[in-house]
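In: Make a model of this:
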Amino acid sequence: MAVAAFPNWLMLERFVFRRDDEGSFPDNTKAPIRASGTTSWNAPFRIAFCLAEPPLPSRLYAQLPRFPDPRKHIPLAIMATHRHLLLLRIATNTPALGLVQDFLVYNAYDPSSLKALQPCTEPYTDYTRTGDNLPRGPPLQEGKQRLLTVKSMGLLCRGEDEQEFAVAELLVFKDIHSKVYADICLLRSSTSAGPVLGGTWNSMRLPILGIDNVNDPWHLCCWDTDTVVPFNRSLCWIDYHRGILICDVFGDPIPTVSFLAFPLDEFPSAHTHNQIKPSSWLYRGVSAIDDDGVLKFVNVTRHDGIGHGELKSGSGFTITCHTLTLGSMVWELEYKITSAELWSSNPHLPHTILMFPQVNVDRPYVVHFLISEFKYVIRKMWVVSIDMSTRTVESISQYINGKDGLKTDDADFTRRKSGAPTSFLPCEFSRFLRLSRRNEDME
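Out: Just a heads-up that it's a prediction; the model follows:
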């Protein structure tokens, strides 16, 4: 692959395209970035990346020949990414140990292999006991490992050449006295030589700073992590219904955790939690723009009050974007645009709801959205790219082709995305692949 073929950033599809037989697994021309690995239970597997320039999505293919039927089991998942690293989880059920999960790191500077994290053997938290200190359960049996909550895990790089990295799980705990804590399981490591990466897992209970409102403990008690975003020297655990928990995972001597609420016109209450939570992740997105040192929070507010589905006739929506500057804890409104303004300027833009906002990393004034038809179970969907500074639609490209997609090799993808659409995962490791290839060419 030529150097120019590596995009500066990617919109990586979270769906893993499992293709076990040689005929369906993409060849080098379609997916030239390939790596292989072996699990802790000695099952070999391969992965391959098909890279595309945004707004086209990139893909991860996997060949898992000794794993259960893909219709019954999803063994490989994309966990997180930061800079040149990508974190994967592979899992299965074994007769001896039950459910087993391995975490593996893909490194763009060493792109042909996957390295395993140390297994986590930290005792589980004993939630029958409370207190400021983390109450630990009994030690795990020999050979057993702690199962981590994959939805609540993040990855962050730092240091010279960014060889240091941290992987962390954060769970929110509220005791009977209405005190709220962050329970963290943390591994700090480096991309060293050898098949297994170094480091030791540690568990800790930390107070959550920034709780000013009398209702904040209740809000945090109902916390449900939607995604984890790396930003500068911190990891940001995001509940799109509430706000952000910001943790400096490399903090010395221990990390700190702070809560920052989203700039919402109406903060969720006990009466609206069940009504709004299922849909908030569809219409909100947080994007880190490292070059500018800002977080951007894009929020699409429906005027019809419907959680998910087609817009009511005559209704519309409003898009707002707030920015958070590095070192600040105050959101600043950047722009506010209505659907009427967009439709007036772009007659070809369908009058439907915009979902899953993703800010363009290279051009932060551009936001990518998904739009969908809602008439059929197997849907057609498109990626829409809008220049928010000029309110101009740059492109509309097909993402899912409805029933026609069931006639292709991507039938599994079409079914999954029709029933459970998700956001894309912004990645930069392709840029480091490009730098790595340049260095190889110069040697």
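In: What residues sit buried inside stretch 249-264?
Out: Applying a neighbour-count criterion of 16 or more other Cβ atoms under 10 Å, the buried positions in stretch 249-264 are Val249, Phe250, Pro255, Thr256, Val257, Ser258, Phe259, Leu260, Ala261, Phe262, Pro263, Leu264. From N, CA and C alone the C-beta is placed, and that goes for glycine too.
In: contacting residues for the last one?
Out: It refers to Leu264. When contacts are counted by Cβ atoms under 8 Å, 6 or more residues apart in numbering, Leu264 touches Asn299.
In: if I pick Leu354, what's in contact with it?
Out: Going by Cβ under 8 Å, 6+ apart, Leu354 touches Tyr283, Val300, Phe317, Ile319, Phe369, Leu370, Ile371, Val384.
In: Need the pLDDT of the closest residue to Leu209 other than its chain neighbours.
Out: In this structure, Leu209 finds its nearest non-sequential neighbour in Ser258, 4.4 Å apart by Cβ to Cβ, 6 or more residues apart in numbering. With respect to pLDDT, Ser258 scores 95.
In: Within its sheet, name the partner strands of the helix or strand hosting Ser258 and how each one runs.
Out: Under the criterion DSSP states H and E, the helix or strand holding Ser258 is strand 257-261. Using DSSP bridges, the strands paired with strand 257-261 are strand 201-209 (parallel), strand 243-247 (antiparallel).
In: Now do the helices in the stretch 251-400 of the chain.
Out: Counting by DSSP state H, counting those that start in this stretch, one finds helices in the stretch 251-400 of the chain at the ranges 273-283, 339-345.
In: Pretty sure Asp20 sits against Pro65.
Out: Yes: the criterion here is Cβ atoms under 8 Å, and Asp20 meets it with Pro65 at 5.0 Å.
In: Neighbour count: these two, which is higher?
Out: Neighbour tally, Asp20 and Pro65, criterion other Cβ atoms under 10 Å: the higher count belongs to Asp20, 16 against 12.
In: Tell me which helix or strand Pro111 sits in.
Out: strand 110-116.
In: average model confidence for that strand?
Out: Here strand 110-116 scores 89 as its mean pLDDT.
In: Tell me the helices and strands packed up against that strand.
Out: Taking 3 or more Cβ pairs under 8 Å, 6 or more residues apart in numbering; DSSP states H and E as contact, the helices and strands that strand 110-116 lies on are strand 33-38, strand 98-107.
In: List the neighbouring strands of the following helix or strand past the shortest one plus their orientation.
Out: Past strand 33-38, heading to the C-terminal end, the next element that is a helix or strand (DSSP H and E) is strand 44-50. Counting by DSSP bridges, the strands paired with strand 44-50 are strand 33-38 (antiparallel), strand 58-63 (antiparallel).
In: ok, back up a step: pick out the shakiest of the helices of the stretch 251-400 of the chain, pLDDT-wise.
Out: Looking at the helices of the stretch 251-400 of the chain, the weakest mean confidence is helix 273-283, a mean of 70.
In: got the contact list for stretch 365-375?
Out: Residues from elsewhere that reach stretch 365-375 (Cβ under 8 Å, 6+ apart): 11, 54-55, 298, 300, 309-310, 319, 321, 350, 352-360, 379-389, 394, 399-400, 402, 421, 424.
In: Can you turn the buried subset of those into a selection I can paste into ChimeraX?
Out: Applying 16+ other Cβ under 10 Å to the contacts of stretch 365-375 leaves a buried subset, and the ChimeraX line that selects it is:
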select :11,54,55,298,300,319,321,352,353,354,355,356,357,358,359,360,379,380,381,382,383,384,385,386,388,399,400,402,421,424
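In: Now, the contacts of stretch 365-375 that are in strands?
Out: Judged by DSSP state E, strands contain the following of these: 11, 298, 300, 319, 321, 355-359, 380-387, 394, 399-400.
In: picking that back up, would you mark the buried spots in the strand holding Pro111?
Out: Along strand 110-116, the positions that meet the burial threshold by neighbour count (16+ other Cβ under 10 Å) are Pro111, Leu114, Lys115, Ala116.
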